[in-house]
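J.: What follows is a predicted structure for the sequence shown.
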Amino acid sequence: MFKNAFVAVLLTTLLCSNAGAAMCDGPITSVAVQNDGSLYIRQGNNGHWLLCSVSVDGTYQGVATTAAACRSWHALFIAAQKAGTTVRLYMRDPAQTCTLADWNAASVYFVEDLG
């Protein structure tokens, strides 16, 4: 019984730890990789946002992202674009919303295809 209560508290803590995060939902309208490995996306009518690098680990607006995670995001974005599904981006900085200016780095730490 105590084990189940501990797991419930732990999950609640983990899920609520980013409660102040900004979220942006929309279709992926553009996916691009620059010659240095930088992954850019465009979500809906928003600008082109730099998320990460498919070739090297890096930190983008305070969010550390591995190249392996970036490559998996790249695959998710291409699949979502082709399927026409909605993708939710979770951003660490609540000031960064869907109105982030064109050609800026976003503080994305989690990507979810909402189907």
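T.: The structure has been received and is ready for your questions.
J.: which stretches of the chain form helices?
T.: Along the chain, counting by DSSP state H, helices occupy 2-16, 67-83.
J.: Return the member of the ones you listed having the minimum mean pLDDT.
T.: Comparing mean pLDDT across these, the lowest value falls on helix 2-16: a mean of 40.
J.: What average pLDDT does the lengthiest strand in the chain get?
T.: In terms of residue count, the longest strand belonging to the chain (DSSP state E) is strand 22-33. Per-residue pLDDT over strand 22-33 has a mean of 96.
J.: same question, stretch 106-114
T.: Stretch 106-114 comes out at a mean pLDDT of 96.
J.: Any idea how far the longest strand of the chain is from the middle of the chain?
T.: Taking the mean of its C-alpha atoms, strand 22-33 sits 9 Å from the chain's own mean (Cα atoms, centre = their mean, to the nearest Å).
J.: Tell me how far the nearest residue to Gly26 once chain neighbours are set aside lies from Ala64.
T.: In this structure, Gly26 finds its nearest non-sequential neighbour in Gly44, 3.5 Å apart by Cβ to Cβ, 6 or more residues apart in numbering. Where you see a C-beta, it was placed from the backbone N, CA and C, and this is true even at glycine. Distance of Gly44 to Ala64, computed by Cβ to Cβ, to the nearest Å: 27 Å.
J.: residues near the residue nearest to Gly26, how many?
T.: Using other Cβ atoms under 10 Å, Gly44 is surrounded by 13 other residues.
J.: In this structure it contacts Gln81, no?
T.: No. Contact between Gly44 and Gln81 fails when scored by Cβ atoms under 8 Å: they sit 11.6 Å apart.
J.: residues contacting Val111?
T.: Counting by Cβ atoms under 8 Å, 6 or more residues apart in numbering, Val111 makes contact with 73, 76-77, 87-90.
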